[in-house]
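Novice: here is a sequence together with a model predicted from it:
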Amino acid sequence: MKRLELREVTVNFGAVHALAGVTLALSAGEVLMLVGPNGAGKSTLMNVLLGLVRPDHAELRVDEELRSLRGHGIKESVGFLPEAVAFSESLTGRQVLRFFAWARGVPRKRIDAVLARVGLAHAQGRSVRGYSRGMRQRLGLGVAILSEPEILILDEPTGGLDQEGLTVLWSVLEEWRAKGRAVLLASHDLALLERRVDRICLMSRGRVKTEGTPEALRLRARIPHRVTFDLNDCATERVEALVAALAEIGLTPSERVDRRFFVDVEHDALLPLMAAQARFPDVVAQLRVLEPQLDQIYERLLEEAPAS
Amino acid sequence: MSRVGLALIVHEFLERLRDRWVIVISLLFALLASGVGLYGRAAEASATALTGPSLVTLASLLVPLVALVLGHDAIVGERERNTLGLLFSLPVGRLEVVVSKFIGRGLALTLAVGLGLVAAMLAAGPGEAEVLAQLVLPTILLGLAFVSFGMLISAVTSRQVTAASLVVVTWFVLVFFYDLGVLALLVATDGAVGQETVALLVAGNPAGLYRVVLMQNLAGPEVLEGLGLTAQLPGPLAQAGIWAAWILGPILISGAFLRAQKVVR
């Protein structure tokens, strides 16, 4: 698969428009993250692709070829991790994987590889009853990657994962990207995932608000960076000269405390600011640039962007 | 049947064998059944007169309970664990999932019933085994009917505790109160309801059909006449139809229910 497209997906639950004509494309080697508030339609969109929600209207194309969403659709090519998956408590981790291996026609030796991959080899003989939430999530991830599917669909994959679990997840995302497969995931953990995904699709009220690379969305939001100037113990005139130099490029300190002041700078003004302050090495002891918080960016985009 | 369906049958069968509840109730049935067998042996009574009817009574109480317990969490359990979506994301149809789960659980039920009855036969002694063997097929059919009904409960409920409550209600209604209801009907109508209707009403309930047919086969029609049931029971073909309806009906309704759902989760 090189490219998968879901076009004009509409799902209504009575008077509620869960998805209102959403179009989404996923390319090979891409990790795409759906973000948005609860009820935005992220899970519904993934469930349409999985055949778990019957859309009122949708068109699925794989490499430009029209495919049915009824019947088995693209189920052979998909691995799925549901949100907060639990599994039967009377089974061991290995038994859970063994069933999915049978069902997917995966050779048994792959089970050992997956158990090792998700860090559950030591707990494979224990019943799921004794697993922590993070271990269950890792087992779910193991089920999802068992058949090495072309498309991984992960709903809130970071839920309950500790650092070790996150490392496993990052390596899976890297592997799928490197092997030219695709990952579609939905998450509220923006800070954790932002640097691990290639594209972000921002959804709200059943519509796609905006999409793009994390960097593009950051620029589009136009939320200023906060630059902190820590000053040396120097003459007041030199400090005023620095402030004047900043004023020449349209920047004014927003806050001043003793030997420190703050300037709010939009992304494209960062370079002129650097150039200006470089003329005052005797004044500026340290400069720190704080990027806007991701939550702020997405809140801004949700407020501003027209639905597409 | 697809690869997923076959895997699901084996998985369901093995998982039920690890289910503590199922193990406990099955062992209880085997224990009581062998107790009945030993009692018949000690009393030196024939299997048709004592052991057989006693086993029928025991099985008509316990087997529906084991079967309902086996079926009641088939779908709703997956729903609560958030694995129903995972299951349906496999290349398998919704009806096939229901049928596969039924077959897997039905096999576990067959094993449990088989063990119980074999225990009773061994306890009753070699001379009586042939008579008691008549119970095997009807008892399995009885169990399958209730597994099927348990799965219907499981498909239409959204919480396991609701399904468990409905299981208890179903067991009391069909196993205990149904016959009382028929009796109440007779009393209320002052016997105006015909014997044929009464026979049909009794045979329409799988627990009733199981009891009256086996009682008649083991101890003769005079046993039923003694209970006031003088009409002819449905013939073998009609009985097969009733069993088929009770076993296949709830499964097909469960499958249709899941297929009709816009969202499976």
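Specialist: Arrived safely. Numbering: from 1, shown residues only, chains lettered A, B, ... in the order given.

Novice: CA atoms for contacts and neighbours, from now on please.
Specialist: Will do.

Novice: hmm, who's touching the helix or strand that contains B:V24?
Specialist: Using DSSP states H and E, B:V24 sits in helix B:20-43. Outside of helix B:20-43, the residues that reach it under the criterion CA atoms under 8 Å, 6 or more residues apart in numbering or on different chains are B:16-17, B:46-47, B:50-51, B:54-55, B:58-59, B:62-63, B:66, B:69-70, B:112-113, B:115-117, B:119-125.

Novice: so how many other residues sit close to the closest residue to B:V4 other than its chain neighbours?
Specialist: Spatial nearest neighbour of B:V4, excluding adjacent residues (CA to CA, 6 or more residues apart in numbering or on different chains): A:A103 at 4.2 Å. When neighbours are counted by other CA atoms under 10 Å in any protein chain shown, A:A103 registers 22.

Novice: isn't A:A103 up against B:A7?
Specialist: Yes. Counting by CA atoms under 8 Å, A:A103 touches B:A7, with 5.4 Å between them.

Novice: who's in contact with whatever residue of the stretch 101-250 of chain A ends up closest to chain B?
Specialist: Ranking the residues of the stretch 101-250 of chain A by distance to chain B (CA to the nearest CA) places A:A103 first, at 4.2 Å. Counting by CA under 8 Å, 6+ apart, A:A103 makes contact with B:R3, B:V4, B:G5, B:L6, B:A7, B:L8, B:L90.

Novice: what about 7 Å?
Specialist: B:R3, B:V4, B:A7 (CA atoms under 7 Å, 6 or more residues apart in numbering or on different chains).

Novice: ok, now A:R222?
Specialist: A:E266.

Novice: apply 10 Å and report the result again.
Specialist: A:V265, A:E266, A:H267, A:D268, A:P292, A:I297, A:R300, A:L301 (CA atoms under 10 Å, 6 or more residues apart in numbering or on different chains).

Novice: out of these, which are inside helices?
Specialist: A:I297, A:R300, A:L301 (DSSP state H).

Novice: low-confidence ranges, the stretch 1-150 of chain B, go.
Specialist: Scanning the stretch 1-150 of chain B for pLDDT under 70 picks out B:44-49.

Novice: what residues does it put near chain A?
Specialist: B:2-8, B:10-12, B:14-16, B:18-20, B:77-78, B:80-94 (CA under 10 Å from any CA of the partner chain).

Novice: 6 Å instead, please
Specialist: Within the stretch 1-150 of chain B, the positions adjacent to chain A are B:R3, B:V4, B:A7, B:R81, B:N82, B:S89, B:L90, B:P91 by CA under 6 Å from any CA of the partner chain.

Novice: residues in contact with the third one?
Specialist: Just to be clear, that refers to B:A7. A:W102, A:A103 (CA atoms under 6 Å, 6 or more residues apart in numbering or on different chains).

Novice: so the residue of the stretch 101-250 of chain A closest to chain B, which state does it fall into?
Specialist: helix (DSSP: H, G, I helix; E, B strand; the rest coil).

Novice: any idea how far A:L146 is from A:R199?
Specialist: As judged by CA to CA, to the nearest Å, A:R199 and A:L146 stand 25 Å apart.

Novice: C-alpha coordinates for stretch A:37-51, PDB please?
Specialist: Below are the C-alpha coordinates for stretch A:37-51, written out as PDB (Å, rounded to 0.1, in the frame of the first residue of the first chain):
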ATOM      1  CA  PRO A  37     -11.200  17.300  22.200                       C
ATOM      2  CA  ASN A  38     -13.500  14.400  23.400                       C
ATOM      3  CA  GLY A  39     -16.300  13.800  20.900                       C
ATOM      4  CA  ALA A  40     -14.300  15.300  18.100                       C
ATOM      5  CA  GLY A  41     -14.700  12.100  16.000                       C
ATOM      6  CA  LYS A  42     -11.200  10.600  16.200                       C
ATOM      7  CA  SER A  43     -12.200   7.200  17.400                       C
ATOM      8  CA  THR A  44     -15.300   7.100  15.200                       C
ATOM      9  CA  LEU A  45     -13.100   7.800  12.200                       C
ATOM     10  CA  MET A  46     -10.700   5.000  13.100                       C
ATOM     11  CA  ASN A  47     -13.600   2.700  13.700                       C
ATOM     12  CA  VAL A  48     -15.000   3.400  10.300                       C
ATOM     13  CA  LEU A  49     -11.700   2.200   8.800                       C
ATOM     14  CA  LEU A  50     -11.800  -0.900  11.000                       C
ATOM     15  CA  GLY A  51     -15.400  -1.700  10.000                       C
END
